[in-house]
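Chemist: Coordinates for the following, if possible.
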Amino acid sequence: MKALLLAGGLGTRLRPLTEHLPKPMALVGNRPWLEHLLLHYKEQGVQEFVIAVKHYRELIESYLGDGSKYGVRIDYSVEKELLGTAGAIKNAEHLLSDRFIVVNADIIHQVNLAAALRYHEKHGGAATICLTEVDDPSHYGVVEQTDNGQIVRFIEKPKKEEAPSNRINAGIYIMERRALDYVPAGKAVSIEKETFPLLIAENSGVYGHPIGGYWMDMGTKERYRQLHWDLLDRRFPVRIDGKEMEDKGIWLGENVRVGQGVLFVPPVMIGDDVSIGDRAIIGPYAVVGNGSRIGKQVRLSNSILWDRCKIRAGAQLNACIFGSAMQVGPHILHEAVCNRILEVQRR
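Modeler: The predicted structure is shown next:
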């Protein structure tokens, strides 16, 4: 069975971090989320992937390649124009198997794929929508289901007290190829607003399966921060590279150079090839990217630095997010979100 990862959209709400970067390539714990996602599904038994790409596709293709370094196969489906979720799936149809998985690649999650596949096999319908439960469904589109899990309708942003459930679309689908007969080729089509309602109206069998576990749309800077705090607190148990020190909650990568009198206040994650100057205070809740340089007496807390950042001596950073190769002078910064301006040749 193949998995189709939808990675063609723009991460407008995460700008400037994703100004020249596909949103699924944003770093999560010093590794692109798309790479985490690939490895998660490989661990679940998926060996063949199709990645739908458009914006800055060369960054994804050059990083992941053909998948051989991960022991999987990757094909790419290129959107010349944005086609929406269903349109992107239809565009990749020639690369898909008779039954396939679709994943919105910018949704942070962990799923028990075997359980979802068993459920899909049992009901025999055209599609299974994986569902997650939220405390307040009034900000989402919720599903109404029968007792056997069949979805009868979607309700967009209902009042909390009027919502038929607290289950929402998690952005993960198991589909039969016949479902694509309802998607016109070469057009922008929304699977949520057009295809699934049409399948329901045609009684093709659309079912919902709650997945449990961690789930988050990292589409805002606030959620992006929270995702990392959940990672550091291990509420989101994705792999952390590096060795955890005897002082729990402190992870150091390879070839980290720590100056005299440095204080780590957990939780802290330090990438590979990082140098930290004398008497710096790092943490709590700090992620430092690979190859970064932290100067003497720097104070860094509640902040995320991508790879190759340079923070000069005496700087104080709180609640900041810095993109790759940012350089910061001896400033006091709070809630700054910065990225370099690059000249990028787009395809």
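Chemist: which other helices and strands contact the host helix or strand of T128?
Modeler: Under the criterion of DSSP states H and E, T128 resides in strand 127-133. Using 3 or more C-beta pairs under 8 Å, 6 or more residues apart in numbering; DSSP states H and E as the contact test, the elements touching strand 127-133 are helix 113-123, strand 167-176, helix 196-201, strand 206-210. Just so you know, the C-beta spots here come from the backbone N, C-alpha and C atoms, and that holds for glycine as well.
Chemist: hmm, who's touching the following helix or strand past it?
Modeler: Counting by DSSP H and E, the element after strand 127-133 in chain order, helix or strand, is strand 141-145. Outside strand 141-145, the residues that touch it by C-beta atoms under 8 Å, 6 or more residues apart in numbering are 129, 131, 151-158, 163-169, 192, 207-208.
Chemist: pLDDT at L17, what is it?
Modeler: We note a pLDDT of 73 for L17 in this prediction.
Chemist: What of the one 4 residues further on?
Modeler: In the predicted model, L21 carries a pLDDT score of 84.
Chemist: and the gap between it and T85?
Modeler: 21 Å (C-beta to C-beta, to the nearest Å).
Chemist: Okay, strands next: where are they in the stretch 1-150 of the chain?
Modeler: Secondary structure of the stretch 1-150 of the chain (DSSP state E, counting those that start in this stretch): strands located at 2-6, 48-53, 73-78, 99-104, 107-109, 127-133, 141-145.
Chemist: Which of those strands has the lowest mean pLDDT?
Modeler: Among the strands of the stretch 1-150 of the chain, strand 141-145 scores lowest, with a mean of 86.
Chemist: quick one on the thing from earlier: quick one: closest of the strands of the stretch 1-150 of the chain to G291.
Modeler: Nearest to G291 among the strands of the stretch 1-150 of the chain is strand 107-109 (24.4 Å), distances taken as C-beta to C-beta.
Chemist: Give me the contact list for the closest one.
Modeler: With C-beta under 8 Å, 6+ apart, strand 107-109 has contacts from 28, 33, 132, 170-172, 211, 213-218, 227, 236.
Chemist: Out of the residues you listed, flag the one nearest to R293.
Modeler: Using C-beta to C-beta, the shortest approach to R293 within the contacts of strand 107-109 belongs to V28, at 22.1 Å.
Chemist: Give me the nearest residue to that closest one, chain neighbours excluded.
Modeler: Nearest residue to V28 in three dimensions, chain neighbours excluded: H36, at 6.0 Å (C-beta to C-beta, 6 or more residues apart in numbering).
Chemist: Over to A280?
Modeler: Ranked by C-beta to C-beta, 6+ apart and with sequence neighbours excluded, the top spatial neighbour of A280 is V298, at 4.5 Å.
Chemist: Then V189?
Modeler: A86 (3.9 Å).
Chemist: G249 against M269, yeah?
Modeler: No. Applying C-beta atoms under 8 Å, one finds G249 not in contact with M269, separated by 9.2 Å.
Chemist: who touches both of those two?
Modeler: L232.
Chemist: From the rest of the structure, what touches the strand holding T128?
Modeler: Here strand 127-133 has contacts from 109, 111, 116, 119-120, 143, 151, 166-176, 179, 196, 199, 204-212, 215, using C-beta under 8 Å, 6+ apart.
Chemist: Alpha carbons only: can I get it in PDB?
Modeler: The C-alpha coordinates for strand 127-133 follow below in PDB (Å, rounded to 0.1, in the frame of the first residue of the first chain):
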ATOM      1  CA  ALA A 127     -13.100   6.000   2.400                       C
ATOM      2  CA  THR A 128     -12.200   6.200   6.000                       C
ATOM      3  CA  ILE A 129     -11.500   9.600   7.500                       C
ATOM      4  CA  CYS A 130      -9.300   9.500  10.600                       C
ATOM      5  CA  LEU A 131     -10.800  11.700  13.300                       C
ATOM      6  CA  THR A 132      -9.400  13.500  16.300                       C
ATOM      7  CA  GLU A 133     -11.300  14.800  19.300                       C
END
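Chemist: quick one: V258 from R31, how far?
Modeler: Using C-beta to C-beta, V258 is found at 22 Å from R31.
Chemist: Which of G249 and M269 has more residues huddled nearby?
Modeler: Applying other C-beta atoms under 10 Å to G249 and M269 shows that M269 carries more neighbours, namely 27 against 18.
Chemist: ok, now which ones touch that one?
Modeler: Counted by C-beta under 8 Å, 6+ apart, M269 has contacts 29-30, 231-232, 240, 242, 251, 286-288.
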